[in-house]
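>>> Fold the following and give me the result.
(one chain, ligands or ions: 1)
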Amino acid sequence: MNIILLGAPGSGKGTMAQKLTSELKIPQISTGDIFRKNLKEETPLGLQIKDILASGGLVPDEITIQIVKNRLAEADCANGYILDGFPRSIAQAEALDAFQNIDCAINLDVDKETVVKRLSGRRFCPDCSGTFHISTLTHATKCPNCSGKLIIRPDDSEATVRDRLKVYEENTFPLIEYYRSRGKLVTVNGSGTVEEVYERIVQVLHR
Ligand code: AP5
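As a prediction, this is how the structure comes out:
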């Protein structure tokens, strides 16, 4: 199954993608994680996109589309995948349609206040890309998956979160209509506990 997870920053795309990946045994393709890995390793791409990520803007479509195209051509995507954070613009969605057949786009619907609360408590593991919330951690800086050192993502500062939400509304929100008009959209209430939201997604996928 080829699945897209849509939703505002902090709506829970990464959290749900990680759970779906272990249940469905198909890979999570997170463009955000790919970019952060390049940043950490200081690759030429990482250096090129450093300021864009810090400001919460979008990496140019040509770069992002090519990265996703290459990644989806890898063998582990042959039986399906979960796209987390891509597409993020109409141009990206159109490019994706030209080389892939998407089964459904799941839109996680969460209000702004919840998103801000979630992002202000997020902790991220640069070693395994694990995402957690401070309220559920027994150790504030130790990754429960790999014991790596948890960090606060630089783009989770209050000002950058506001900018990311603006970028989302202008560029990514129109994708809801894009997939609705193609009969591919499913909207899921993204409020509630991780388990509650995940259960709603599982119900949708069973249908
Ligand atoms: P990216 O990493 O994709 O960031 P994002 O879309 O802003 O999404 P987030 O990772 O912030 O949130 P999420 O929805 O995954 O929520 P999460 O599960 O972490 O992209 C980063 C940057 O890369 C972009 O700003 C851009 O510059 C660039 N980029 C990426 N893709 C691009 C593209 N296609 N084109 C161009 N540029 C691109 O959850 C958030 C927090 O809430 C966590 O702490 C989590 O534990 C908690 N939480 C989740 N669900 C629940 C729940 N149900 N109840 C309580 N807590 C919850």
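>>> what sits against the residue of the chain found nearest the ligand?
Of all residues in the chain, the one sitting closest to the ligand is G32 (2.0 Å; CB to the nearest ligand atom). C-beta here means a position set from N, CA and C on the backbone, and glycine is covered the same way. Shown in contact with G32 (CB atoms under 8 Å, 6 or more residues apart in numbering): G14, D84, G85.
>>> out of the residues you listed, who's nearest Q203?
Nearest to Q203 among those is D84, at 19.7 Å by CB to CB.
>>> thinking that closest one is in contact with I26, fair?
No. Here D84 does not reach I26: they are 11.9 Å apart, not a contact under CB atoms under 8 Å.
>>> So between these two, which is more surrounded?
When neighbours are counted by other CB atoms under 10 Å, D84 comes out ahead of the other of D84 and I26, with 24 against 19.
>>> For that one, give me phi and psi.
D84 adopts backbone torsions of phi -120, psi 100, taken as degrees, to the nearest 10.
>>> Could you give the bridge partners of it?
Beta-bridge pairing for D84 (DSSP bridges): L5, S30.
>>> any idea how far the helix or strand where the residue of the chain closest to the ligand lies is from the chain center?
Here G32 sits within helix 31-40, counting by DSSP states H and E. With CA atoms, centre = their mean, to the nearest Å as the basis, helix 31-40 stands 12 Å off its chain's centre.
>>> downstream neighbour of that helix in the secondary structure list?
Under the assignment DSSP H and E, the closest C-terminal helix or strand after helix 31-40 is helix 44-55.
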